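> Here is a sequence together with a model predicted from it:
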Amino acid sequence: SQQGEEDPQALSIQEGENATMNCSYKTSINNLQWYRQNSGRGLVHLILIRSNEREKHSGRLRVTLDTSKKSSSLLITASRAADTASYFCATEPPPHNNNDMRFGAGTRLTVKP
Amino acid sequence: DAGVIQSPRHEVTEMGQEVTLRCKPISGHNSLFWYRQTMMRGLELLIYFNNNVPIDDSGMPEDRFSAKMPNASFSTLKIQPSEPRDSAVYFCASSQGGGSYEQYFGPGTRLTVT
């Protein structure tokens, strides 16, 4: 069963604009991870944010986490056509540290040149 | 390291045939995962292993599916007999351990059952 739910399901923007994707989850977590999947490829890990962190940056990526609302957001700044991909959040439902990562349905991002 | 290796990359088979998908995890990783991805159901965790031992196979859809990990460097996912609804992309992933570690995905095997 899915643990995280991404929103929106699809997002289309122009190159240079910022893209924001959201993830909501249902249970307590130790951490939340974001992955990217290019068409026809495997998922690639982008960033991990721990439950005691509120914000994390990696290059043009900014991730926030609000454990009180059980939600996270992924912001891609100054988007490029190469950012076109599906983005997934993943969490580990209790009991934690048992490797049982659950992925959401993903947000399909299209960046138009 | 070459990353997670999966074979074959594409498999087309007829209904009723046995299908075996193979995975070689990243050396030193002690957790291995099998996922299935379809448009309808998204990415589903089928089974995962810790130190070659199956921990949770509750995601395996039916008895037709079985997975083995005879050693730390090799795993198989077998479907016998295959059905058209098994058509999907099957991913193998490995990680160093628990949920605090990122998973490294292979390129996937695209299975088509006719």
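Received the coordinates, thanks.

> Give me the buried positions along the helix-or-strand element of chain B with minimal mean pLDDT.
Sorting the helices and strands of chain B by mean pLDDT, DSSP states H and E puts strand B:53-56 at the bottom, at a mean of 89. Neighbour-count burial for strand B:53-56 flags B:P54 (criterion: 16 or more other Cβ atoms under 10 Å in any protein chain shown). C-beta here means a position set from N, CA and C on the backbone, and glycine is covered the same way.

> Spit out the contact partners of the residue nearest to A:Q14 when sequence neighbours are not counted.
Of all residues not flanking A:Q14 in the chain, A:K112 sits nearest, at 5.3 Å (Cβ to Cβ, 6 or more residues apart in numbering or on different chains). A:K112 makes contacts with A:12-15, A:81, as judged by Cβ atoms under 8 Å, 6 or more residues apart in numbering or on different chains.

> if we can go back for a sec, mind exporting the least confident helix or strand of chain B as CSV, just the C-alpha atoms?
The C-alpha trace of strand B:53-56 is given here as CSV (Å, rounded to 0.1, in the frame of the first residue of the first chain):
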residue,chain,number,x,y,z
VAL,B,53,17.0,-13.4,4.1
PRO,B,54,13.5,-12.5,2.8
ILE,B,55,12.0,-10.2,5.4
ASP,B,56,8.6,-9.2,4.0
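
> That one - contacts with which helices or strands?
Using 3 or more Cβ pairs under 8 Å, 6 or more residues apart in numbering or on different chains; DSSP states H and E, the elements in contact with strand B:53-56 are strand B:42-50, strand B:65-71.

> how far is the shortest one from where the chain is centred?
It stands for strand B:65-71. Here strand B:65-71 is found 9 Å from its chain centre; the criterion is Cα atoms, centre = their mean, to the nearest Å.

> who's in contact with it?
B:32, B:34, B:46-47, B:49, B:52-54, B:57, B:60, B:75-80.

> Please convert the buried members of those into PyMOL selection syntax.
The PyMOL command for the buried members of the contacts of strand B:65-71 (criterion: 16+ other Cβ under 10 Å) is given here:
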select buried, chain B and resi 32+34+46+47+49+54+60+75+77+79
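
> Least confident of the contacts of strand B:65-71?
Of all those, B:D57 has the smallest pLDDT value, namely 87.

> I figured that one was touching B:L45, is that so?
No - counting by Cβ atoms under 8 Å, B:D57 does not reach B:L45; the two are 9.9 Å apart.

> For the chain, which residues score under the pLDDT cut-off?
No chain was given, so I picked chain A. Chain A contains residues with pLDDT under 70 at A:1-3, A:94-99.

> That was the other one, I meant chain B.
Ranges of chain B meeting pLDDT under 70: B:1, B:98-99.

> tell me the residue furthest from the middle of it?
The centre of chain B is farthest from one residue, B:S100, which by Cα atoms, centre = their mean lies 20.9 Å away.

> Now that one: which helix or strand?
Taking DSSP states H and E as the definition, B:S100 sits outside all helices and strands.

> which ones are touching residue 44?
Just going to use chain A. Contacts of A:V44 by Cβ under 8 Å, 6+ apart are A:35-38, B:105.

> Not quite, go with chain B.
Counting by Cβ under 8 Å, 6+ apart, B:E44 has contacts B:35-38, B:59.
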